[in-house]
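Enquirer: Requesting a structural model of the entry that follows:
(one chain, ligands or ions: 1)
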Amino acid sequence: MDPLALIRETTAYVSSLSTHVKINEQELVRECEDFLEKHKIKPHKEIWADNWFHYCDIDIEHESSTFTDLTAKYILVLDTLNFCFWPEEGLEYEHLARGLKNVLIANPKAFDADQLAKVTTETLHNWFGRELPNISERVRLVREVGTVLLAHFNGSIKEMILAAKNKASVLVDLITSYFWGFRDSAVYRGKQVFFYKRAQIFVGDLWGAYQGRGLGKFDDIKQLTMFADYRVPQILESLKVIEYSPELKKMIEQKQEIPYGSEMELEIRAVTVHCVERMRDYFNKHHCELLALEIDWMLWGRGEAMLDKLPPHHRTLTIFY
Ligand SMILES: Nc1nc2c(c(CN[C@H]3C=C[C@H](O)[C@@H]3O)cn2[C@@H]2O[C@H](COP(=O)(O)O)[C@@H](O)[C@H]2O)c(=O)[nH]1
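Expert: Alright, predicted model coming up:
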């Protein structure tokens, strides 16, 4: 089974039936044309390691360095915890990324599988020096990763990555097969819909940190979709590329929680995935080769840069994004 094909197909299906969230075709074209204009003048390419808050010890000029696994260990812990910061006022992804970077610099063995298998609430508090929402789940998810790596991959994330044989679809399948906390799918009107956001962002971060080489080499990276979180729909809705029903818009503006697995939540996520697929197709048709993950990073970065100007994002209590 190809999980990436399932994500594209099932989110397109939800998008075709969606009532609370719609793509505005004219605004999508406007936004794409606007980007193409800017991209012609100044091509946009993000280098993952250029984000100061990321740990990355890859020397891209030396092939042996692209097979070292310390950065891969960092990314695995990062994307095991990369979800649902909004309940803690002021907590951002940057705090997570930077906190883990400092931990690894202080102790390169901190993210070894045997260490992950025995983290406690205290460990995580020491890692970040602050409260994390849903801390008990975060501890459980990190322990799960350490325990499973020890049980099935000799404690080595590098072994799991190499087992995927440079296929993103296979690595997403391995991650979601072995780490149950990454099984980000739901049921929409009786049909299973797949997002696999943290499994996909794990692959995307590997590809970014290793610049498509060594442990970050994936022959099918084009098949990765955007990462269905709460930031990208927020920026797309503010750009009018996607539109919310008046009922949904009111709930979000009032910061009412949108229940996990509700039609509203699934339509926000699925239409966002499908919308970025449509944007990617538009760019490629106009000779602008961009991956869905690169469009995702751009939109996410734009959202981060406008945080104080944007209307609220949707609030769903989850472990998946
Ligand atoms: N779709 C998408 N969602 C992303 C990211 C990232 C990290 N991006 C860095 C990695 C590579 C690039 O270089 C980026 O710099 C975090 N998130 C999600 O956002 C939410 C946190 O938001 P806030 O509360 O504002 O910190 C939370 O759900 C988190 O999982 C992304 O790239 N795409």
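Enquirer: Any residues of the chain in contact with the ligand? List them.
Expert: For the chain, the contact set with the ligand under Cβ under 6 Å from any ligand atom comprises 46, 48, 51, 82-83, 85-86, 92-93, 205, 208, 226-227, 229-232, 296-297, 300, 304, 321. Quick note: C-beta positions are derived from backbone N, CA and C, even for glycine.
Enquirer: Excluding covalently adjacent residues, which one is nearest to the residue minimising distance to the centre of the chain?
Expert: Per Cα atoms, centre = their mean, the C-alpha nearest to the average position across the chain is that of Ile201, at 3.6 Å. Nearest non-adjacent residue to Ile201, counting by Cβ to Cβ, 6 or more residues apart in numbering: Phe227, 4.4 Å away.
Enquirer: pLDDT score for the one you found?
Expert: As summarised for this prediction, Phe227 has a pLDDT of 98.
Enquirer: Tell me how many other residues crowd it.
Expert: Number of residues near Phe227 (other Cβ atoms under 10 Å) recorded here: 30.
Enquirer: How about Asp69?
Expert: 18.
Enquirer: wouldn't it be in contact with Met160 here?
Expert: No - taking contacts as Cβ atoms under 8 Å, Asp69 lies outside contact range of Met160: 10.3 Å.
Enquirer: got the residue ranges for the helices in this structure?
Expert: Taking DSSP state H as the test, the helices found in the chain are 3-17, 25-41, 70-80, 93-106, 113-116, 121-128, 135-152, 157-163, 168-178, 197-209, 231-238, 246-253, 263-285, 292-305.
Enquirer: can you list those helices in a markdown table and add mean pLDDT?
Expert: As requested, the helices of the chain are exported to a markdown table (pLDDT from 0 to 100):
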| stretch | mean pLDDT |
| --- | --- |
| helix 3-17 | 98 |
| helix 25-41 | 94 |
| helix 70-80 | 98 |
| helix 93-106 | 97 |
| helix 113-116 | 98 |
| helix 121-128 | 95 |
| helix 135-152 | 98 |
| helix 157-163 | 98 |
| helix 168-178 | 98 |
| helix 197-209 | 98 |
| helix 231-238 | 98 |
| helix 246-253 | 98 |
| helix 263-285 | 98 |
| helix 292-305 | 95 |
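Enquirer: Format those as CSV; extra columns: distance to Ser64.
Expert: As requested, the helices of the chain are arranged in CSV below (distance: least, Cβ to Cβ, whole Å):
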stretch, distance to Ser64
helix 3-17, 30
helix 25-41, 35
helix 70-80, 13
helix 93-106, 20
helix 113-116, 22
helix 121-128, 29
helix 135-152, 23
helix 157-163, 13
helix 168-178, 21
helix 197-209, 16
helix 231-238, 36
helix 246-253, 49
helix 263-285, 34
helix 292-305, 26
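Enquirer: Among these, single out whichever gets nearest to Ile60.
Expert: helix 197-209 (9.9 Å; Cβ to Cβ).
Enquirer: Show me what the closest one is packed up against.
Expert: Counting by 3 or more Cβ pairs under 8 Å, 6 or more residues apart in numbering; DSSP states H and E, the packing neighbours recorded for helix 197-209 are helix 3-17, helix 70-80, helix 168-178, helix 292-305.
Enquirer: quick one: which of the helices of the chain is nearest Asp184?
Expert: Nearest of these (Cβ to Cβ): helix 197-209, 5.3 Å.
Enquirer: what's the spacing between the closest one and its chain's center?
Expert: 7 Å (Cα atoms, centre = their mean, to the nearest Å).
Enquirer: what sits against the residue of the chain positioned farthest from its centre?
Expert: Centroid-distance maximum for the chain: Ile41 at 28.4 Å, with Cα atoms, centre = their mean. If a contact means Cβ atoms under 8 Å, 6 or more residues apart in numbering, then Ile41 has no contacts.
Enquirer: Give me the buried stretch members for stretch 155-163, please.
Expert: 155-158, 160-162 (16 or more other Cβ atoms under 10 Å).
Enquirer: for stretch 17-29, same thing?
Expert: Buried residues in stretch 17-29 (16+ other Cβ under 10 Å): 18, 20-21, 23-24, 28.
Enquirer: Give the single residue among these positioned nearest to Ile258.
Expert: His20 (9.5 Å).
Enquirer: list the contacts for Leu162?
Expert: Leu215.
Enquirer: Isn't Glu265 up against Gln256?
Expert: No - counting by Cβ under 8 Å, Glu265 sits too far from Gln256 to count as a contact (12.0 Å).
Enquirer: When those two are compared, which one has more neighbours?
Expert: Glu265 (23 against 13).
Enquirer: And that one, how close does it get to the ligand?
Expert: From Glu265 across to the ligand, the span is 13 Å (Cβ to the nearest ligand atom, to the nearest Å).
Enquirer: same thing with Tyr188?
Expert: Tyr188 is 20 Å from the ligand, by Cβ to the nearest ligand atom.
Enquirer: To what extent is that residue buried, counted in neighbours?
Expert: Neighbour tally, Tyr188, other Cβ under 10 Å: 22.
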